[in-house]
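Student: just a sequence and a predicted model for now, questions to come.
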There are 2 protein chains.
Amino acid sequence: MGNNVSIGLLGLGVVGSGVIKLIENHQEELVHQLGCGVNVKSVLIRDTDKARNVQLDQTFLTTNPDDILNDPEIDVIIEVMGGIDEAFQHILKAFSAKKHVVTANKDLVALHGPELQEAASRNKCDFYYEASVAGGIPILRGITDGLSSDRIQQVMGIVNGTTNYILTKMNTEGSTYEAALQKAKELGFAEADPTADVEGLDAARKMVILSRLAFSTDVALEDVEINGIKNIDLEDLQYGDTLGYTMKLIGFANCHDQQVEVNVQPTFLAKSHPLADVKNEYNAVYVYGEAVGETMFYGPGAGSMPTASAVMSDVITVIKNIRLGINGRQSLAPRFKKELKTPDQQFGKYYLRLHVKDEVGAFSTISSLFHDNNISFKQILQTPIKKYELAEIIFITHKTSFENFTKALKLLRDLNVVLDVKSYYKVEGDVENDVAGVNKTL
Amino acid sequence: MGNNVSIGLLGLGVVGSGVIKLIENHQEELVHQLGCGVNVKSVLIRDTDKARNVQLDQTFLTTNPDDILNDPEIDVIIEVMGGIDEAFQHILKAFSAKKHVVTANKDLVALHGPELQEAASRNKCDFYYEASVAGGIPILRGITDGLSSDRIQQVMGIVNGTTNYILTKMNTEGSTYEAALQKAKELGFAEADPTADVEGLDAARKMVILSRLAFSTDVALEDVEINGIKNIDLEDLQYGDTLGYTMKLIGFANCHDQQVEVNVQPTFLAKSHPLADVKNEYNAVYVYGEAVGETMFYGPGAGSMPTASAVMSDVITVIKNIRLGINGRQSLAPRFKKELKTPDQQFGKYYLRLHVKDEVGAFSTISSLFHDNNISFKQILQTPIKKYELAEIIFITHKTSFENFTKALKLLRDLNVVLDVKSYYKVEGDVENDVAGVNKTL
């Protein structure tokens, strides 16, 4: 049996405490797999006086990062302190000191992943970040190892637990957005400031990381079109339900002929879609590969122990690599120079809700407009709203280009009979033919 | 860039043809990942005259295994010929000749996996078999790498597409078992002789492989309690549906205090369980880890290209190992000597359907019997069947030991008021409290 491997831990918050507990509780499993023990030699904290939910002798704690980054006995750095600039500098310093790094920091990896990978490779160091996407779900390995032989065409992720919890409450209990968010905060599924979650930025960061690995190209955060869930109307959820769809905040990434599209937006999923049943704070990533077809990876997207388990699976890989002498030799440079799809290359189905004048010829005018723009429908649902002398019409289109759809939207807004474009959303998956509302009214 | 790696393919059936196609179509991806090309140098077939769905020059084909196993230019053997004895001998010979082996052969791995692994390690060869369980789903890696830091407590698998297709048809369309089986045959989801599938043997083989890796102990096929789906009654499916459950053929493996239980049986899953929505021929494996909690891996469990993709992901791993010089160094010996749970150590919830005399005091007699055996109920549904002057009662128990449950069953059968024990099944997951039938009648 070899000598213990010593770890330096940067950060002792929710994930850091989980790491400490997991190493303590699973030491025998670690020894079995690695042929050596694993111990945390020192921990970087900001405040030595703060109460912690793990018991650690004060001698393990330091507020000076150099105590860890310059310690020649430490082989592996776990970065779970969060934030960007400081963490970035610490990790670069770790690589210079030939230490391997495991991080759970999605903000950092989304922004600086390629640079960090490059620094790691230059120093023959490992750099792993499984925990940065979808917490405990081993999805990055699923893509890079499990589906390594395949050509991945699409990745769709429910990669933000806060928004999935809120949408589940709205869907199943008819809660308002505000009430659901409040409940999420009470349960610890939403932070005091939930902006990054509800506006879609957190999901976008994860989609950047997933897209890079799935398509072997350098996607950046600014390439991602982002729409959050703040303006979702309960009425749309109810109409969607009637037509056979469930609303989810979906991170969508598609690659065709090496052209890439990445976005985050509220999306209506057919209830038969594997992602449609992913409820509450759970995460799941759906991966479509040319050979394998539909796969999905489901599990907890956050939390102390799940995230710590992903961190420690990376640490195990690093230590196995140390013992095999192969660190820093397994990362791949991107295969393609990034090329983003233009709107005429982006295809989708759409849900559209209109308020129109309740008068003869209104529907015909609208359907001519769609016809002229090569947009046809799979489902239509029309309800008169007598009180206001208007009709509410919901369309689910067949597949069309985003360019055609936005063009039609603009023309619709100029039509005299169209009083309001209430909402529109992307649609994924196919409803069965016998779902209520399929061409119900026409 | 290195020299091409040459592969010897044993078998050119459904999976073998997929492998040939995948290597042709994804050559650029392979070269990117490996720094070298991959080519199939020769293929073992039984009959040179048989029509094939891949075009291969006759010079690549041989009916003599030694042409491949003795060829010094071949580094990697892919075994997709199926069967046990011949394949076993070929693989042992391959290891003796220091060739690495990838197989999709679940029958063989379930029976001889540990011996083959031992022969591989002795010869410093790699031995991988991702495709042997759940086709295209990278579940073995999910367990050995993705969740490597965790202590896995339970694995539940829908690992047989044929039976899942049949049960889906029975559940959603009310098809009889026979009609659903016939439909499965027509669609190619069931073989001409479906015995191994419908009787649960195929699922049992996969559960053996999963259990070994999840619990690091040598589970054997004879340790698995197996019940198939042939005797499932549509009435039970309907009662289950009313009470909030869906019937699935579940491979169940549990490990607690190093004691293991593995079985395959029709099981009622609460509709909220992640596996409950896995439909048609799809497979999924649910893994519960101490740290990570609930995870699930979903995808196609069979088929030419999905299975070939799993085979080729293993081949990629082997070739990466060749280039890193680390073959045969990553397998782990079992950590525990196998210890199987006895019936008093096996716990579960049960669905039980009885026919009882429709007379005063019958229900009270029965409930006393359960009470005396420490069995209590979560749900009860009672329906009078007037025509025969009997009542049909369905019980869903709370958690109890298998020993208590079988003892109660035996005593029930001796009761005067019990006319018939119609059926009983294991139950997994919790239904919501507001599901129809919760203590509906009492």
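Tutor: Looks like it came in fine. Keep in mind that this is a model prediction, so the values were computed, not measured.
Student: what about whichever strand or helix holds A:Gly18, near chain B?
Tutor: According to DSSP states H and E, A:Gly18 maps onto helix A:14-25. Yes - residues of helix A:14-25 contacting chain B under C-beta under 8 Å from any C-beta of the partner chain: A:18, A:22, A:25. Where C-beta positions appear, they are placed from N, C-alpha and C, glycine not excepted.
Student: what is that helix packed up against?
Tutor: On a contact count with 3 or more C-beta pairs under 8 Å, 6 or more residues apart in numbering or on different chains; DSSP states H and E, helix A:14-25 meets strand A:5-10, strand A:38-44, helix A:304-324.
Student: any buried residues in that helix, and which?
Tutor: A:14-23 (16 or more other C-beta atoms under 10 Å in any protein chain shown).
Student: check the offset of that helix from the chain's centre.
Tutor: 24 Å (C-alpha atoms, centre = their mean, to the nearest Å).
Student: pull the residues that contact whichever helix or strand comes after that helix.
Tutor: For helix A:14-25, the succeeding helix or strand toward the C-terminus, using DSSP H and E, is helix A:27-34. Residues from elsewhere that reach helix A:27-34 (C-beta atoms under 8 Å, 6 or more residues apart in numbering or on different chains): A:1-2, A:5, A:23, A:37-38, A:316, A:319-320, A:323, B:148-149, B:151, B:216, B:332, B:335.
Student: pop out the phi and psi values for A:Arg151.
Tutor: In terms of degrees, to the nearest 10, the main-chain angles of A:Arg151 are phi -110, psi 110.
Student: what about the residue nearest to it when sequence neighbours are not counted, how many residues nearby?
Tutor: In space, A:Arg151 comes closest to A:Glu290 once its chain neighbours are excluded; the distance is 4.3 Å by C-beta to C-beta, 6 or more residues apart in numbering or on different chains. By the measure other C-beta atoms under 10 Å in any protein chain shown, the count of residues near A:Glu290 is 15.
Student: pLDDT at A:Glu290, what is it?
Tutor: As predicted, A:Glu290 sits at a pLDDT of 96.
Student: please apply the same query to A:Val435.
Tutor: In the predicted model, A:Val435 carries a pLDDT score of 44.
Student: which pLDDT value does the model give A:Val438?
Tutor: pLDDT recorded at A:Val438 is 43.
Student: wait, I meant A:Val318
Tutor: For A:Val318, the pLDDT comes out at 98.
Student: picking that back up, which one of the residues of helix A:14-25 next to chain B sits closest to A:Phe370?
Tutor: Taking C-beta to C-beta as the measure, A:Phe370 lies nearest A:Gly18 of the residues of helix A:14-25 next to chain B, at 52.2 Å.
Student: pretty sure that closest one sits against A:Pro300.
Tutor: No - with contact defined as C-beta atoms under 8 Å, A:Gly18 does not reach A:Pro300; the gap is 11.7 Å.
Student: mind listing residues that contact stretch A:337-347?
Tutor: A:217-220, A:223, A:254, A:256, A:258-261, A:399-404, A:406.
Student: quick check: end-to-end length of it?
Tutor: 22 Å (C-alpha to C-alpha, to the nearest Å).
Student: picking that back up, list only those of the contacts of stretch A:337-347 flagged as buried.
Tutor: A:217-219, A:223, A:254, A:259-261, A:400-402, A:404.
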